[in-house]
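Colleague: Could you work out the structure for the sequence below:
(chains A and B, ligands or ions: 1)
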Amino acid sequence: MEEAQVVGLLVRRAVGGDAAAWEEIVQRHHRRIYNVCYRFAGDSDNAQDLTQEVFIKMYRTLSSYDSSKGAFMTWVTTITRNLLVDHFRKSKGDRITDSLDSVPSEHEDAQPLSEQIADRGIAPDAAVQSRETREMVHFALQKLSPELREAVILRDLQDMDYREIATALRVPEGTVKSRINRGRAELARLLQRTYKQVI
Amino acid sequence: MLDETKPGMECAEFEALLTDAIDNNNANADAGQLSPARRQSFDAHRRDCAVCGPLFADVQAGQQWLRSLEAVEPPPHLLHNILVATSGVLSTRLPATRRDGRTTPFAERLRERWDSFFTPVAAFVRQPRFAMSFGMIFFSFSLALNVAGVKPKDVAKLDLRPSALRHAYNDAQIKVVQYYDNIRFVYEIESKLRELKRANTPAEPGPAPQKENPKNNTSGQPEQRQDRNYSQEYNQPVLAALRGGVGNASPAVTATTNRRFV
Ligand SMILES: [Zn+2]
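Modeller: Coordinates of the predicted model:
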């Protein structure tokens, strides 16, 4: 059986009240959703809450999934993405001074990244794969505007294709590509400038 | 832009082809719409254009940084919590479905025992625990000021401009970070208690037969959110207090306690 058929069958069984089928769906998708949420929200506690909310939403709306309209994974990503938007709006309200819309590196008060690197004494030539470097990249990712952040997460971390991303974000493919370009470039500039400051 | 006089490719076209070209470089599966001829004029433009050359380098570097991020493993209890919050049915095969074998049966038994020991007291512990985390944060904040040489009687004379305050604050930050590394276990215990609380919250009413908005409009009404109140109480006042106090300085407290990396 093809993957799409397996998923379609699982969904039908879960809608019919088969707990084991639902568990299988959770089992198959929770890791991926958790990763998207973790990279977007930045920390594990928020990512856990968000992942749980995604599945609650999925559970309630599972019967509305229409396999003829697209892949299950795209549907799941759409739900995830919408909850991330809610989360972002909410957390923005909570933290008025911490505007994620502005590019913090342009801002007078924005130095935490370079301070972090300075504190940890990371040499720019250190192995790109080092844990500290990954932490810096993760930290810098949080500085991107949410539109750019979600685009690069779905493309570069989740390997989704442009059409799937466009469907999940409900924007044209051209917009997806331009956001991916801008997101990658901004991240690189953020990290490069930081490294230069440290040297 | 700079390239309008050149016969080959223009900046807008270059930008439109950028993702494909980089996919091409990486030999991605869904890449390859770039014909050799277009690739050639793309590369020529990259070499010649003062704007697009650096842009290409940045985009490529950014992609490499991003791809250095590895997938993270969700906490082992997450699956359990999701099932409790949705179907409410915990299958017997749950321990067996941890196919990665990360959780040994022994560790699992230990965890269950830990859970059953703490479940009855979780409700009781919640309140004092709460007070403790606030105490910790305010204590460390005054510790930070102390380390920075700020005495209570000097507070009236303090320069309260955000930039001046930040300067003093940053000096102390490193020590605070070290301090927080030591008490990180406090937060780990806290998150354990959160899990317990989650596991004890009632399940969803059941599979919803009602058809929702056919457009999958998922960002609709705010719903009953598990653990929401708790999270809000936990985060909001602390952030408000710190941010109110030190202007825009990034508080070490939030940076070190809320972030859990790879
Ligand atoms: Zn150009």
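Colleague: Please look at A:Glu147 and A:Arg179 and confirm they touch.
Modeller: Yes. A:Glu147 lies in contact with A:Arg179 (C-beta atoms under 8 Å); the separation is 5.8 Å. C-beta here means a position set from N, CA and C on the backbone, and glycine is covered the same way.
Colleague: the more surrounded of those two?
Modeller: Neighbours per residue, other C-beta atoms under 10 Å in any protein chain shown: of A:Glu147 and A:Arg179, the larger number sits with A:Arg179, 23 against 15.
Colleague: nearest residue to that one other than its sequence neighbours?
Modeller: Nearest residue to A:Arg179, sequence neighbours excluded (C-beta to C-beta, 6 or more residues apart in numbering or on different chains): A:Ala151, at 3.8 Å.
Colleague: Provide a list of residues in contact with B:Pro74.
Modeller: For B:Pro74, the contacting residues are A:30-31, A:34-35, A:47-48, A:51, by C-beta atoms under 8 Å, 6 or more residues apart in numbering or on different chains.
Colleague: Keep only those of these that are also close to chain B.
Modeller: Restricting the contacts of B:Pro74 to those touching chain B (C-beta under 8 Å from any C-beta of the partner chain) yields A:30-31, A:34-35, A:47-48, A:51.
Colleague: most surrounded residue in the residues you listed?
Modeller: That'd be A:Thr51 among those, by other C-beta under 10 Å, with 29 neighbours.
Colleague: you'd agree that one is up against A:Arg31?
Modeller: No. With contact defined as C-beta under 8 Å, A:Thr51 does not reach A:Arg31; the gap is 9.3 Å.
Colleague: Point out where chain A drops to low pLDDT.
Modeller: By pLDDT under 70, the low-scoring segments of chain A are A:93-129, A:197-199.
Colleague: could you pull out the helices for it?
Modeller: All helices of chain A, identified by DSSP state H, fall at A:3-15, A:19-41, A:44-61, A:72-94, A:112-120, A:131-141, A:146-152, A:162-169, A:173-198.
Colleague: re the thing from before, could the contacts of B:Pro74 be laid out in JSON lines, adding distance to A:Asp66?
Modeller: What follows is those, written out as JSON lines (distance: C-beta to C-beta, whole Å):
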{"residue": "A:His30", "distance to A:Asp66": "22"}
{"residue": "A:Arg31", "distance to A:Asp66": "25"}
{"residue": "A:Tyr34", "distance to A:Asp66": "25"}
{"residue": "A:Asn35", "distance to A:Asp66": "26"}
{"residue": "A:Ala47", "distance to A:Asp66": "28"}
{"residue": "A:Gln48", "distance to A:Asp66": "29"}
{"residue": "A:Thr51", "distance to A:Asp66": "24"}
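Colleague: The ion: which of those residues is nearest?
Modeller: A:Asn35 (35.1 Å; C-beta to the ion).
Colleague: was I right about the closest one contacting B:Glu73?
Modeller: No. Counting by C-beta under 8 Å, A:Asn35 stays clear of B:Glu73, with 9.1 Å between them.
Colleague: Let me see the contact set for the residue in chain A that chain B sits nearest to.
Modeller: Closest contact between chain A and chain B, by C-beta to the nearest C-beta, is at A:Arg184 (3.1 Å). Counting by C-beta under 8 Å, 6+ apart, A:Arg184 touches A:152, A:156, B:58-63, B:66.
Colleague: count of neighbours near residue 37?
Modeller: Because you didn't say which chain, this covers chain A. Neighbour tally, A:Cys37, other C-beta under 10 Å: 27.
Colleague: I was after chain B.
Modeller: Count around B:Ala37 with other C-beta under 10 Å applied: 8.
Colleague: looking at the helices of chain A, which is closest to B:Ile22?
Modeller: helix A:173-198 (8.3 Å; C-beta to C-beta).
Colleague: got the buried residues for that closest one?
Modeller: Residues of helix A:173-198 classed as buried by neighbour count (16 or more other C-beta atoms under 10 Å in any protein chain shown): A:176-192, A:194-195, A:198.
Colleague: go on, stretch A:3-16?
Modeller: Those would be A:7-8, A:10-11, A:13-15, for stretch A:3-16 by 16+ other C-beta under 10 Å.
Colleague: what's the nearest residue to whatever residue of chain B ends up closest to chain A if we skip its chain neighbours?
Modeller: Proximity of chain B to chain A (C-beta to the nearest C-beta) peaks at B:Gly62, 3.1 Å away. Spatial nearest neighbour of B:Gly62, excluding adjacent residues (C-beta to C-beta, 6+ apart): A:Arg184 at 3.1 Å.
Colleague: so how far is stretch A:190-199 from its chain's centroid?
Modeller: Mean-position distance between stretch A:190-199 and its chain equals 25 Å (C-alpha atoms, centre = their mean, to the nearest Å).
Colleague: That one near chain B at all?
Modeller: Yes. Counting by C-beta under 8 Å from any C-beta, chain B has neighbours in stretch A:190-199: A:191-192.
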